[in-house]
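> Sequence unavailable; structure follows:
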């Protein structure tokens, strides 16, 4: 098991996948800040792991900048950003959704990732130290993957992380991961026979990425269930040589 040090900020850490990632990072030694919009949720998770609770709405620039300042003031410079905050909306058909609700999915899932990354990158560059993990989704590329708002947001998140990794090449590794289909509040409507992913897989992958052992895969799309760290480490050269773990148009 990787023992880690430094400071991690997990957005959307009050429940579900984010909370499990926060627990895992704290378990292996990191000082963890947990951020979400709900005070009771972040207080519960932070109290459980001995971390810092920060209430913030990642779609609001002022909130994000305050969140980062608070983490830096209380815990120190941020070494790992896990940009995990996200939301969905009930969408029978695109034209039947309230436009403000539809757009808010993009505000949280895309703008929130951008604002969070933007707030931590300058200091990471100054210190020459830092990593970013962004929670994506198979909805970015799988057919028949649900509503337009969520799928469009996750496609944008993938491309954002991919291009950001190019801009930060050799400086700050950036990874976009799919946690798989995990039982959370967001997925409670999925059927029992859906291809569920064990909840421990995403935290395990994030922990491995935080260790630095996979920095050469910056910009790649990694799946928590299909790219387990113990196998991924042996596939790094193959992935790079064959341009795998990437979303491409091939003709």
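Structure's in. What do you need? No experiment lies behind these values; they were computed from the predicted model shown.

> make it CA atoms for all contacts and neighbour counts henceforth
OK.

> Just say helix, strand or coil for residue 119.
Three states are possible here, and by DSSP: H, G, I helix; E, B strand; the rest coil the one that applies to residue 119 is helix.

> Can you name the residues that contact it?
Residues in contact with residue 119 (C-alpha atoms under 8 Å, 6 or more residues apart in numbering) are 64, 65, 68.

> Next: residue 112.
Counting by C-alpha under 8 Å, 6+ apart, the residues that residue 112 touches are 58, 59, 60, 85.

> So what does it look like in phi/psi?
Note on residue 112: backbone dihedrals following degrees, to the nearest 10 are phi -60, psi -40.

> Quick check: the gap between it and residue 27.
Taking C-alpha to C-alpha, to the nearest Å as the criterion, residue 112 is separated from residue 27 by 26 Å.

> Over to residue 243?
Applying C-alpha to C-alpha, one obtains 34 Å for the distance of residue 243 from residue 27.

> Neighbour count: those two, which is higher?
Of the pair residue 243 and residue 27, residue 27 is the one with more neighbours under other C-alpha atoms under 10 Å, namely 15 against 12.

> and the more buried one, what pLDDT?
In this model, residue 27 is scored at 96, pLDDT.

> and if you look at the one 5 residues further on?
Here the pLDDT value assigned to residue 32 is 98.

> Select, from the contacts of residue 112, the two members most distant in space.
Comparing every pair within those by C-alpha to C-alpha identifies 60 and 85 as the most remote, at 12.5 Å.

> the more surrounded of the two?
Set residue 60 next to residue 85 and count neighbours by other C-alpha under 10 Å: residue 85 wins out with 26 against 15.

> Now do the same for the more buried one: helix, strand or coil?
The three-state label for residue 85, taken from three-state DSSP, comes out as coil.

> Verify the contact between it and residue 110 for me.
No - using C-alpha atoms under 8 Å, residue 85 is not in contact with residue 110, being 9.6 Å away.

> now the strands for the stretch 1-150 of the chain?
Taking DSSP state E, counting those that start in this stretch, the strands of the stretch 1-150 of the chain run over residues 7-11, 31-36, 52-55, 80-83, 131-135.

> quick one: average confidence on the third one?
If I follow you right, that is strand 52-55. Strand 52-55 shows a mean pLDDT of 98.

> Return the list of helices and strands in contact with that strand.
Contacts defined by 3 or more C-alpha pairs under 8 Å, 6 or more residues apart in numbering; DSSP states H and E place strand 52-55 against strand 31-36, helix 39-49, helix 61-74.

> Please list the outside residues in contact with it.
Contacts of strand 52-55 with the rest of the structure, by C-alpha under 8 Å, 6+ apart, involve 32-39, 42-43, 45-46, 67, 70-71, 74-75.

> How about the last one?
Counting by C-alpha under 8 Å, 6+ apart, strand 131-135 makes contact with 79-85, 113, 117, 157, 161, 172-179, 206, 209-210, all of which sit outside it.

> so where's the stretch 51-200 of the chain shaky on pLDDT?
Low-confidence segments of the stretch 51-200 of the chain, defined by pLDDT under 70: 181-197.

> Sketch out the helices for it, chain order is fine.
Per DSSP state H, counting those that start in this stretch, the stretch 51-200 of the chain carries helices over the ranges 61-74, 99-106, 112-127, 148-167.

> and among these, the most buried is which?
For these, average neighbour numbers computed from mean count of other C-alpha atoms under 10 Å are highest in helix 148-167, which has a mean of 20.

> neighbouring contacts of that helix?
Here helix 148-167 makes contact (C-alpha under 8 Å, 6+ apart) with 87-89, 91, 94, 102-103, 105-106, 109-110, 113, 134, 136-137, 139-141, 145, 172-176, 218-221.
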